[in-house]
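Chemist: Here is my input, please return the structure:
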Amino acid sequence: MEKKKLINTLLFGVFFCKISFSFAQQNSLPLNREHRLSYEKYLYHTDKKKPFHTSVKPYIASEVYQHVFPDTTYGLEKLTPDNGFKKAINVIGYEDWVAFDESGFVKPIEIQIVDGDTVEVNSISKGYTKRKFYISANPILHFELGKGSNDNKNSYNQRGIEINANIGEKVSIYTAFIESQATFPDYIKRFVQKTRTAPGEGRVRNFKENGFDFSQAIGHVNYAPNKYFNLELGHGKHFIGDGYRSLLLSDNAFVFPYVKFSTQFWKIKYVNIYSELINNVRNETDFTLGFPRKTATFNYLSLAASPWLSIGVFEGIIWRSSTADGKRKFDANFLNPIIGIRALQKGLDVNKIYGFNASINLPKHIVLYGQLMINQFSTDIRSINNRSGMQLGAKYYDAFGVKNLNFLMEYNIVRPYSYQNTIDTVLHYSHYNQALAHPMGAGFDEFVFLANYRYKRFFTELKINGGRSSIDSPTGAFFIDGNVGTDILLSTGNAYFDDKTKIGQGYLNYKVLNSEFRVGYLLNPKINMMLEAKVQLRKYQMSNTIPSAKTADLKLFSIGLNTRLFNHYYDVPINF
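Modeler: Sure, this is the predicted structure:
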């Protein structure tokens with residue numbers, strides 16, 4: 001059933017065609033954080049008459065193009081074609097690999113030497129010229145091999161294709177299909193075995209002795225009747241916030257079907273997302289019903305209050321879509337698009353998440369940002385009924401005047417039992433057994449430091465993140481705390497603590513420090529294809545020792561070829 005749905009989604013997208021990076025493009029730009037680094041700084045400093053709402057991701061291309069053309073920010077130049085390697089780089093290293101418009105095949109921009117001078121041939125600012133029709137196709141590849149301590153191995157064999165198309169100025173279509181086989185380090189393998197999903201992916205199937213096989217189909221159709229409205233029907237991910245993490249809605253979990261309405265006028269942007277989620281992929285008890293399902297509505301109201309201040313209010317509601325015996329269930333309140341109304345309604349069978357997002361733009365490309373998340377509120381800060389979270393962060397683009405040197409520092413804290421539901425484990429804030437917000441779930445605090453630098457095509461990244469949390473265990477295990485508030489798939493109805501709750505509570509609490517250093521060469525900036533080498537160090541400090549924790553620490557080296565269009569969060573919580 002799952003495979004058939006993925007294939008149908010792909011065929012649907014191919015049937016309608018689709019592309020990226022062309023005139024008045026209505027589709028979404030890649031969600032990947034690195035892909036945005038070269039142009040995102042300009043979106044924080046826009047004309048006050050045309051504000052840009054940076055907290056709503058993925059960005060819509062036509063809105064970005066009002067302020068900056070991403071292709072112009074890479075600072076790369078064509079190479080003089082004096083050997084075969086440079087000729088190949090000029091073809092595959094700048095443009096869409098295959099493209100067509102109303103005139104037929106679009107030839108790549110060529111560099112030729114004419115009378116001793118280097119000139120461009122077939123250059124007409126291709127990606128941003130007005131066309132009646134434009135379609136392109138690009139590969140999605142991830143080949144990686146790694147070896148680490150304690151017999152840890154890492155491999156990735158991913159093949160895929162993305163197809164983008166613009167039809168006129170109002171319709172854009174995107175589709176992608178990706179097939180993967182992978183082996184993971186032990187700490188990720190334990191996560192997969194517990195959730196039956198790979199981080200950010202769907203349900204896995206066993207592959208050979210220690211590997212997993214998984215796939216996904218992504219697609220959306222965008223229609224913009226005018227400059228105020230954008231309608232998107234798709235199967236993908238969303239992100240609300242300005243940081244590396246989001247405590248409201250992130251791209252951590254698997255893709256899901258949705259309908260998205262975006263309304264923009266004056267200094268306001270209002271987003272409504274209606275979606276269907278999978279509750280628990282470990283319990284497929286009836287083939288005809290498939291996995292247990294639920295629905296969700298996400299509403300976000302963003303206001304560009306001034307050229308230096310943006311604020312937003314968020315509402316996320318998880319709804320039951322079936323009864324305990326599998327019959328379909330529908331609540332008409334699900335259709336209400338007005339944010340905040342559900343907060344006043346009583347007796348709804350839902351799980352409510354409310355939040356606040358803000359960013360402050362300072363001179364020299366410095367951005368301060370933060371979030372506040374409230375699942376349930378109590379004046380007693382240590383009560384189980386105080387389920388909330390907070391984020392504080394700062395970004396520094398072109399740090400100290402050095403072009404393409406970027407820093408990010410961030411702190412996140414989420415109280416125990418947040419995102420859980422009081423009595424109903426169907427209504428937890430998750431999809432495919434993964435958190436819709438932060439990958440560590442709840443009951444943790446975390447710091448993140450990121451440093452990125454790129455010189456022409458050479459790049460490097462340093463990521464250091466760490467924090468505190470604890471491990472839930474079912475009663476009857478070697479430690480019997482049960483629900484200590486970190487696993488959002490559980491219910492607060494069986495909480496082990498009900499007062500004096502704190503971060504790191506329980507028999508087995510831990511501190512984790514994760515460091516990653518990457519260096520590489522950017523092959524194609526448009527699709528973020530790169531050659532890279534990575535060193536990862538992961539260190540745990542346990543409150544109590546258990547046998548399976550002896551091999552938790554990790555030292556890993558890997559090399560690979562990667563098309564980074566999507567974010568992947570492999571700094572998942574530990575499982576034993």
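Chemist: Does residue 518 have any beta-bridge partners, and if so which?
Modeler: residue 461, residue 534 (DSSP bridges).
Chemist: Next, count neighbours for the residue lying closest to residue 213 once chain neighbours are set aside.
Modeler: Closest residue in space to residue 213, ignoring its immediate chain neighbours: residue 207 at 4.1 Å, by CB to CB, 6 or more residues apart in numbering. Yep, even glycine has a C-beta here, placed from its N, CA and C like the rest. Counted with other CB atoms under 10 Å, residues neighbouring residue 207 total 15.
Chemist: And for residue 528?
Modeler: Neighbourhood size, residue 528 [other CB under 10 Å]: 18.
Chemist: what residues are up against it?
Modeler: Residue 528 sits next to 30, 32, 34-35, 522, 563-565 when contact means CB atoms under 8 Å, 6 or more residues apart in numbering.
Chemist: re earlier: for the residue nearest to residue 213, list the residues it contacts.
Modeler: 181-182, 213.
Chemist: out of everything not next to it in sequence, what's closest to residue 375?
Modeler: In space, residue 375 comes closest to residue 387 once its chain neighbours are excluded; the distance is 3.9 Å by CB to CB, 6+ apart.
Chemist: Give the bridge partners for that neighbour, please.
Modeler: Bridge pairing for residue 387 - DSSP bridges - gives residue 376.
Chemist: Which strands and helices lie in contact with whichever strand or helix holds residue 459?
Modeler: Element membership for residue 459 (DSSP states H and E) is strand 458-470. When contacts are defined as 3 or more CB pairs under 8 Å, 6 or more residues apart in numbering; DSSP states H and E, strand 458-470 packs onto strand 444-455, strand 509-524.
Chemist: Would you single out the least confident of those?
Modeler: Looking over the helices and strands packed on strand 458-470, mean pLDDT reaches its minimum on strand 509-524, with a mean of 93.
Chemist: So what touches it?
Modeler: 89, 92-94, 454, 457-471, 528-543, 571, 574.
Chemist: picking up where we left off before, can I get the helices and strands packed on strand 458-470 in a markdown table including distance to residue 217?
Modeler: Below are the helices and strands packed on strand 458-470 laid out as a markdown table (distance: least, CB to CB, whole Å):
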| stretch | distance to residue 217 |
| --- | --- |
| strand 444-455 | 30 |
| strand 509-524 | 23 |
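Chemist: Out of those strands, the one nearest residue 101 is which?
Modeler: strand 509-524 (19.9 Å; CB to CB).
Chemist: Could you check the angle the closest one makes with strand 444-455?
Modeler: 20 degrees (axes from the mean of the first three to the mean of the last three CA atoms, to 10 degrees).
Chemist: so strand 509-524 versus strand 458-470, what angle?
Modeler: Using the same axes, to 10 degrees: strand 509-524 against strand 458-470 is 160 degrees.
Chemist: Pull strand 509-524 out as PDB, backbone CA atoms only.
Modeler: Extracted in PDB, the C-alpha atoms of strand 509-524 (Å, rounded to 0.1, in the frame of the first residue of the first chain):
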ATOM      1  CA  ASN A 509      19.500  10.500  32.600                       C
ATOM      2  CA  TYR A 510      22.400  11.400  30.400                       C
ATOM      3  CA  LYS A 511      24.400  14.200  28.800                       C
ATOM      4  CA  VAL A 512      25.400  14.000  25.200                       C
ATOM      5  CA  LEU A 513      27.900  16.000  23.200                       C
ATOM      6  CA  ASN A 514      27.900  15.700  19.400                       C
ATOM      7  CA  SER A 515      30.600  17.200  17.100                       C
ATOM      8  CA  GLU A 516      30.800  17.100  13.300                       C
ATOM      9  CA  PHE A 517      33.300  18.600  11.000                       C
ATOM     10  CA  ARG A 518      32.800  18.600   7.300                       C
ATOM     11  CA  VAL A 519      34.900  19.700   4.300                       C
ATOM     12  CA  GLY A 520      34.000  19.400   0.700                       C
ATOM     13  CA  TYR A 521      33.800  20.700  -2.800                       C
ATOM     14  CA  LEU A 522      30.500  22.100  -4.200                       C
ATOM     15  CA  LEU A 523      29.800  20.500  -7.600                       C
ATOM     16  CA  ASN A 524      26.500  22.300  -8.400                       C
END
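Chemist: Show me which positions of stretch 490-497 end up buried.
Modeler: 490-492, 495-497 (16 or more other CB atoms under 10 Å).
Chemist: Save those as JSON lines, and put in pLDDT and distance to residue 440 too.
Modeler: Shown next, in JSON lines, are the buried residues of stretch 490-497 (pLDDT from 0 to 100; distance: CB to CB, whole Å):
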{"residue": "490", "pLDDT": "88", "distance to residue 440": "15"}
{"residue": "491", "pLDDT": "87", "distance to residue 440": "19"}
{"residue": "492", "pLDDT": "86", "distance to residue 440": "18"}
{"residue": "495", "pLDDT": "87", "distance to residue 440": "18"}
{"residue": "496", "pLDDT": "85", "distance to residue 440": "19"}
{"residue": "497", "pLDDT": "86", "distance to residue 440": "18"}
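Chemist: ok so, going back, nearest to residue 229 among the helices and strands packed on strand 458-470 would be which one?
Modeler: Nearest of the helices and strands packed on strand 458-470 (CB to CB): strand 509-524, 33.3 Å.
Chemist: What are the buried residues along stretch 56-72?
Modeler: Neighbour-count burial for stretch 56-72 flags 56-65, 67-68, 70-71 (criterion: 16+ other CB under 10 Å).
Chemist: next one: stretch 152-169 to chain centre, how far?
Modeler: Chain-centre distance of stretch 152-169: 15 Å, with CA atoms, centre = their mean, to the nearest Å.
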